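>>> I'll drop the sequence and a predicted model, then ask my questions.
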Amino acid sequence: MVSDMKSDNMKTGQEKAPQRSLLHALGMTEEEMRRPLVGIVSSWNEIVPGHMNLDKITDAVKMGVAMAGGTPVVFPAIAVCDGIAMGHEGMKYSLVTRDLIADSTEAMALAHAFDALVMVPNCDKNVPGLLMAAARLNLPTIFVSGGPMLAGRIDGHKTSLSSMFEAVGKYKAGKIDETKLKEYELNTCPSCGSCSGMYTANSHNCLTEVLGMGLAGNGTIPAVYSSRIELAKHAGMQIMDLIEKDIRPLDIMTEAAFRNALTADMALGCSTNSMLHLPAIAHECGVDINLDLANEISAVTPNLCHLAPAGPTYMEDLNAAGGVYAVLNELDQLGLLDTSVMTVTGKTMKENLQGHENLNPEVIRKPENAYSKTGGIAVLRGNLAPDGCVVKQSAVAPEMLVHEGPAKVFDSEEEAIAGIFGGKIEAGDVIVIRYEGPAGGPGMREMLSPTSAIAGMGLDKEVALITDGRFSGATRGASIGHVSPEAVHGGLIAYVKDGDRIAIDIPNHTIELLVPEAEIEQRKQEMPIKKKENVKGYLKRYASMVSSADKGAVINR
Ligand SMILES: CC(C)(O)[C@@H](O)C(=O)O
Ligand SMILES: [Mg+2]
């Protein structure tokens, strides 16, 4: 039995009789009250396909906790489906939930004096939000996610959400008819789970394994596999071991763990959103992860996986190939990991990696046959982004890695979508979408609709896109986001005009607006910053507090 439980402050001694009376109101027995109180943070709801199965996962966790001698108690976290929120006002309420999730979990966990936590996230903001909370609270914690969706099928081939969004571009360009578009709609998302490519949710569920906060399979076992339920039971049992050994998130999420996560990110080809979330999680851990470190690690890390949108493999394929640990084993053989790090198994990564071989070198390439010698993500700098901007270089057509072209400027995503579908974009253009940053949007929307429209219309080999907003993990093409400083904070992106030449050199990590310095200075006098006046409620508060994208858009600095 565990002594010195945090929950004793809430439930032990004569003075705490009122609190116990309320626990009795829950139907909690005295036996249960004597055991560690394990909070299970369930991100279940009925609007997010990646979360609709979390009641099953949570039930399995509860059973695991109880089997191992703890008292499980479920409480909720909110969750947004980025796919449903995409392409309209709703997306302004996506990133902002990351901090609500972290803050509300902090409040719930401390208000009720939980001894430990099992985090049950799945989609884009719940994984980083709960990792931030885990670090902040530093109670023994383990993660088990809901698992990825199975791939869909179109014309006998696997497919996923990136192709679905691109199908809209194809339809608008007259490349497919309405019947085909309907076929995509009906066959792309065949099950519950986080959408089946290496999009943002799956990226972070995989990185949770690498960080050491989830068990093997957390990122890849499909949502509908029975082994996902077993994984959840094991996570429930394992939290009791972590309590016993007093292993906490800050013992696990060390600087070395974040370097490992960045390394795996580069090999897996994760979502560019990881360049927001890893720094934000690290910040809660007191670790400084900056964009330069990402480039440093990318320079020596081969890109081994091309899951959708970079290529035609899916999370179920990565799982069958051995999952994240198989990728880690390839990286370990190159000496790129610090495998001495502690994990939620109570063992080091080195010990965990035993027996997890790469079972399919077509899905997880061998380093000698890597897709590229450098990693999935590149950080660019230049006068347009002195504090950096990010691109998923592994999903850029080779002919677009170096590009110079005239700017076509839009002051919002809506204007850009209208421009793209309205035939305003020509081969060679560099589309600029601004006033979509963390503070300017507010909320830093994902530009999946414009980037898929470009790709679907077949323009991705000829057109680049630059924004102070961000992208979905399903975005491909020369899509450069997180431009910092953002427009509303007076970044140079605010002063670009139609027709200005912009030079992008991804291999050399540069991005330049080719306008003479004197002209730029003059524009700064003449062109007012367009601050949105009508922002209300939480978004107003968020806009006043949020930091720049290159700092992880954190609100607690
Ligand atoms: C809808 C998606 C695929 O989840 C996207 O929002 C992402 O970030 O990957
Ligand atoms: Mg997203």
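Received it, and whenever you're ready, just let me know what you need. Numbering: from 1, shown residues only. Ligands and ions are numbered 1, 2, ... in the order given.
>>> Report how many residues lie close to Asn429.
You called it Asn, but residue 429 is Asp. Asp429 has 23 neighbours, counted by other CB atoms under 10 Å. For glycine as for every other residue, the C-beta is placed from the backbone atoms N, C-alpha and C.
>>> Just the pLDDT for it.
pLDDT for Asp429: 98.
>>> any idea how far it is from ligand 2?
The gap separating Asp429 from ligand 2 is 25 Å, by CB to the ion, to the nearest Å.
>>> I figured that residue hits Lys408, correct?
Yes - the criterion here is CB atoms under 8 Å, and Asp429 meets it with Lys408 at 4.9 Å.
>>> Next to ligand 2, which bits of the stretch 151-300 of the chain? Give me the list.
Selection of the stretch 151-300 of the chain residues close to ligand 2 by CB under 5 Å from the ion yields Thr200.
>>> which stretches of the stretch 151-300 of the chain form strands?
Secondary structure of the stretch 151-300 of the chain (DSSP state E, counting those that start in this stretch): strands located at 152-154, 157-159.
>>> go on, the chain?
Remark: strands assigned in the chain by DSSP state E are 37-42, 71-76, 116-120, 141-143, 152-154, 157-159, 377-382, 385-392, 402-410, 430-433, 464-467, 479-484, 501-505, 510-513.
>>> Tabulate the ones you listed (CSV), appending mean neighbour count.
Output for the strands of the chain, formatted as CSV (neighbours: other CB atoms under 10 Å):
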stretch, mean neighbour count
strand 37-42, 27
strand 71-76, 19
strand 116-120, 28
strand 141-143, 30
strand 152-154, 18
strand 157-159, 17
strand 377-382, 23
strand 385-392, 26
strand 402-410, 19
strand 430-433, 27
strand 464-467, 29
strand 479-484, 30
strand 501-505, 19
strand 510-513, 20
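>>> Adding distance to Ala543, write those out as JSON lines.
Below are the strands of the chain laid out as JSON lines (distance: least, CB to CB, whole Å):
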{"stretch": "strand 37-42", "distance to Ala543": "27"}
{"stretch": "strand 71-76", "distance to Ala543": "26"}
{"stretch": "strand 116-120", "distance to Ala543": "28"}
{"stretch": "strand 141-143", "distance to Ala543": "30"}
{"stretch": "strand 152-154", "distance to Ala543": "37"}
{"stretch": "strand 157-159", "distance to Ala543": "37"}
{"stretch": "strand 377-382", "distance to Ala543": "25"}
{"stretch": "strand 385-392", "distance to Ala543": "18"}
{"stretch": "strand 402-410", "distance to Ala543": "20"}
{"stretch": "strand 430-433", "distance to Ala543": "18"}
{"stretch": "strand 464-467", "distance to Ala543": "17"}
{"stretch": "strand 479-484", "distance to Ala543": "16"}
{"stretch": "strand 501-505", "distance to Ala543": "27"}
{"stretch": "strand 510-513", "distance to Ala543": "25"}
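>>> residues near whichever residue of the chain sits closest to ligand 2, how many?
Residue nearest to ligand 2 within the chain: Asp82 (3.4 Å; CB to the ion). Number of residues near Asp82 (other CB under 10 Å) recorded here: 30.
>>> Next: the one 4 residues further on.
The local packing of Met86 (other CB under 10 Å) involves 21 other residues.
>>> so who does it touch?
Counting by CB atoms under 8 Å, 6 or more residues apart in numbering, Met86 makes contact with 165, 446, 448-449, 472.
>>> can you rerun that using 6 Å?
By CB atoms under 6 Å, 6 or more residues apart in numbering, the contact set of Met86 is Leu448.
>>> Could you pull up phi and psi at it?
Backbone geometry at Met86, expressed as degrees, to the nearest 10, gives phi -70, psi 140.
>>> cool, Asp177 as well?
phi -100, psi 180.
>>> what's it in contact with, if anything?
Taking CB under 6 Å, 6+ apart as the definition, Asp177 has no contacts.
>>> Would you agree the residue of the chain closest to ligand 2 is in contact with Asn126?
No - distance between Asp82 and Asn126: 10.8 Å, which falls outside the contact criterion (CB atoms under 6 Å).
>>> Who are the contact partners of Leu539?
By CB under 6 Å, 6+ apart, the contact set of Leu539 is Pro442.
>>> Around ligand 1, which positions in this protein sit nearby?
The chain has residues 82-83, 124, 161, 195, 199-201, 271, 273, 446, 472-474 near ligand 1, with proximity defined as CB under 6 Å from any ligand atom.
>>> Dump these to a markdown table, plus pLDDT.
As requested, the residues of the chain next to ligand 1 are exported to a markdown table (pLDDT from 0 to 100):
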| residue | pLDDT |
| --- | --- |
| Asp82 | 98 |
| Gly83 | 98 |
| Asp124 | 98 |
| Leu161 | 96 |
| Cys195 | 98 |
| Tyr199 | 98 |
| Thr200 | 98 |
| Ala201 | 98 |
| Ser271 | 97 |
| Asn273 | 98 |
| Glu446 | 97 |
| Ser472 | 96 |
| Gly473 | 96 |
| Ala474 | 94 |
